[in-house]
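K.L.:
Here's a sequence, model it:
(one chain, ligands or ions: 2)
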Amino acid sequence: MECRAAVLHRVGESLQVETIEIGELQRGDVLVRIRASGLCHTDLEVIQGSLAYPMPIVLGHEGAGVVEAVGDGVTAVKPGDHVVCSWNPHCGHCFYCERDQPILCEPFSRHQPQGHLLDGTSRLRVGGKELHHFSVVSSHAEYCVVPESGAIAVPREIPFDRACLIGCGVMTGVGAVTHIARVPVGASVAVFGAGAVGLNAIQGARLAGAERIVAVDVSDGKLELAREFGATDTVNAERDDPAAFVRSLTGGRGADYAIEAAGIVHSLQPTLDACWPGGMIVILGKTHVDAQVPLRWGSLMGERRIIRSSYGGARPRRDFPLLARQYLEGKLKLDELITCRLRLEEIDDGFAQMTEGGVVRAVVIMGD
Ligand SMILES: [Zn+2]
Ligand SMILES: [Zn+2]
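P.N.:
Ligands and ions are numbered 1, 2, ... in the order given. Next up is the predicted model:
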């Protein structure tokens, strides 16, 4: 079949909305008609070249839509189901899956960077050439093919533009607090960066019952939004020393938990400094993989625990429906994350706005 998709042919170029071909579904495949697809910074990293992927490629890994068809052997979803795509489909039985670390799943780690599905091949073609999948999703298109473990049914009541956000930014931020840090009631949490992931770490901390939640950013607008998501205190890192501010609120020691969600080299040191000895730091942000990060040795002492998390400890089939229900019950904020809605043809505008920094989430809307 054919559909329209936003194709990146070369690093630094604009995306081309063109007709692509989708091959026959193979065993375990799920064809999803995409209805909403969020623009994430990881897409931008590929466009700008700080994250290398084979080209041409269809980006997008925060998608929601309706199951159109399934390949042989698929039992978890059926045509007509509303689904959110997971960008970490996993085999369920490799070394890491057996150790409850699906983010490191061996077939996923082997084939995902090659722009392939978990069987090592692509279902997509453009102009007679192989077209690559992005993180086994490729949702900036009218249709995508994902493995069964990447198609997660959610309640039909949640609108697609809200649902898609669960697939990356929400899961990563909320999960970092609830699954990775396991923040207890009454804790203090400092969150560096109030973009999509940081705001979700903040609301994760609120949902966990944290008493003091300090948001750090350089944008007063984002800090204002951070208060809506549950921050009890905010500090603009351009005007004040954020680590000193956090310590001043926490008896001079620092926060129990510090979350790095800004993804910039020079935010790591203040994140460490904002955490008290014995506390935990969770690193969610990303920068260029070859970037050198200078750190003050003393800040690595004091029994601090430093943890990296890419996807908030996601177990998508457990977590996505729960997050959707929390939204429907009014506990989880999603409406406020959407800065603008775009048509597929306007996707480059969305990335341009993201580069300028004024956007929390731009969402491409497809269909009626
Ligand atoms: Zn993402
Ligand atoms: Zn596996």
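K.L.:
just checking, residue 234 touches residue 222?
P.N.:
No - look at residue 234 against residue 222 with C-beta atoms under 8 Å: they stay out of range, at 9.1 Å. Heads up, the C-betas are built off the backbone N, CA and C, glycines and all.
K.L.:
what residues are shared contacts of these two?
P.N.:
Contact criterion C-beta atoms under 8 Å, 6 or more residues apart in numbering; residues shared by residue 234 and residue 222: residue 215.
K.L.:
what's the spacing between the residue in the stretch 101-250 of the chain that ligand 1 sits nearest to and residue 40?
P.N.:
Residue of the stretch 101-250 of the chain nearest ligand 1, by C-beta to the ion: residue 168 (3.3 Å). Using C-beta to C-beta, to the nearest Å, residue 168 is found at 5 Å from residue 40.
K.L.:
Spit out the contact partners of the residue of the stretch 101-250 of the chain closest to ligand 1.
P.N.:
Contacts for residue 168 (C-beta under 8 Å, 6+ apart) come out as 38, 40, 42, 61-62, 87, 311.
K.L.:
could you pick out which of the residues you listed are near ligand 1?
P.N.:
Filtering those for proximity to ligand 1 by C-beta under 5 Å from the ion leaves 40, 42.
K.L.:
Export the contacts of residue 168 as CSV, with columns for distance to residue 111, neighbour count and pLDDT.
P.N.:
Compiled in CSV, these are given as follows (distance: C-beta to C-beta, whole Å; neighbours: other C-beta atoms under 10 Å; pLDDT from 0 to 100):
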residue, distance to residue 111, neighbour count, pLDDT
38, 23, 30, 98
40, 20, 25, 95
42, 17, 20, 94
61, 15, 26, 98
62, 20, 31, 98
87, 13, 29, 98
311, 17, 22, 97
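K.L.:
I'd like to know which of the contacts of residue 168 is nearest to residue 293.
P.N.:
For the contacts of residue 168, the minimum distance to residue 293 (C-beta to C-beta) is 19.0 Å, reached by residue 42.
K.L.:
hang on, the earlier thing: list residues touching both of residue 168 and residue 40?
P.N.:
61-62.
K.L.:
List the residues that contact the residue in the stretch 1-150 of the chain positioned nearest to ligand 1.
P.N.:
Closest approach between the stretch 1-150 of the chain and ligand 1, counting by C-beta to the ion: residue 40, at 3.1 Å. The neighbours of residue 40, taking C-beta under 8 Å, 6+ apart as the test, are 61-62, 168-169, 196.
K.L.:
Just flag the most distant two among the residues you listed.
P.N.:
61 and 196 (13.0 Å).
K.L.:
any idea how this structure splits into domains?
P.N.:
Taking automatic domain parsing as the domain assignment, the ranges for the chain are 2-153+334-365, 173-308.
K.L.:
Quickly note the distance from residue 254 to ligand 1.
P.N.:
For residue 254, the distance to ligand 1 equals 29 Å [C-beta to the ion, to the nearest Å].
K.L.:
How many residues are close by that residue?
P.N.:
When neighbours are defined as other C-beta atoms under 10 Å, residue 254 has 25 of them.
K.L.:
Grab the nearest non-local neighbour of it.
P.N.:
Nearest residue to residue 254, sequence neighbours excluded (C-beta to C-beta, 6 or more residues apart in numbering): residue 276, at 3.6 Å.
K.L.:
ok, how many other residues are close to the one you found?
P.N.:
If you count neighbours by other C-beta under 10 Å, residue 276 ends up with 21.
K.L.:
Repeat that for residue 244.
P.N.:
The number of residues packed near residue 244 is 14, by other C-beta under 10 Å.
K.L.:
chain center to the host helix or strand of it: distance?
P.N.:
For residue 244, the element it lies in under DSSP states H and E is helix 242-249. Relative to the centre of its chain, helix 242-249 is centred 28 Å away, using C-alpha atoms, centre = their mean, to the nearest Å.
K.L.:
Strands along the stretch 101-250 of the chain, start to end?
P.N.:
124-126, 129-133, 143-147, 151-153, 188-192, 212-217, 233-236 (DSSP state E, counting those that start in this stretch).
K.L.:
what's the closest of those strands to residue 347?
P.N.:
Of all the strands of the stretch 101-250 of the chain, strand 143-147 sits nearest to residue 347, with 14.8 Å by C-beta to C-beta.
K.L.:
Ok, which of the domains of the chain comes nearest residue 319?
P.N.:
Here domain 173-308 is closest among the domains of the chain (C-beta to C-beta), at 6.6 Å.
K.L.:
Need the phi and psi values for residue 294.
P.N.:
Dihedral pair for residue 294: phi -80, psi 130, per degrees, to the nearest 10.
K.L.:
likewise residue 258?
P.N.:
The phi/psi pair for residue 258 (degrees, to the nearest 10) reads phi -130, psi 130.
K.L.:
before we move on, what about the one 10 residues further on?
P.N.:
With angles defined as degrees, to the nearest 10, residue 268 sits at phi -70, psi -40.
K.L.:
That one contacts residue 292, correct?
P.N.:
No - counting by C-beta under 8 Å, residue 268 does not reach residue 292; the two are 11.3 Å apart.
K.L.:
The two - which one has more neighbours?
P.N.:
The neighbour comparison of residue 268 against residue 292 (other C-beta under 10 Å) goes to residue 268, with 22 against 6.
K.L.:
Need the nearest residue in space to the residue in the stretch 201-350 of the chain that ligand 2 sits nearest to, chain neighbours excluded.
P.N.:
Across the stretch 201-350 of the chain, no residue is closer to ligand 2 than residue 315, which sits at 12.8 Å (C-beta to the ion). Excluding the flanking residues, the one nearest residue 315 by C-beta to C-beta, 6+ apart is residue 102, at 7.2 Å.
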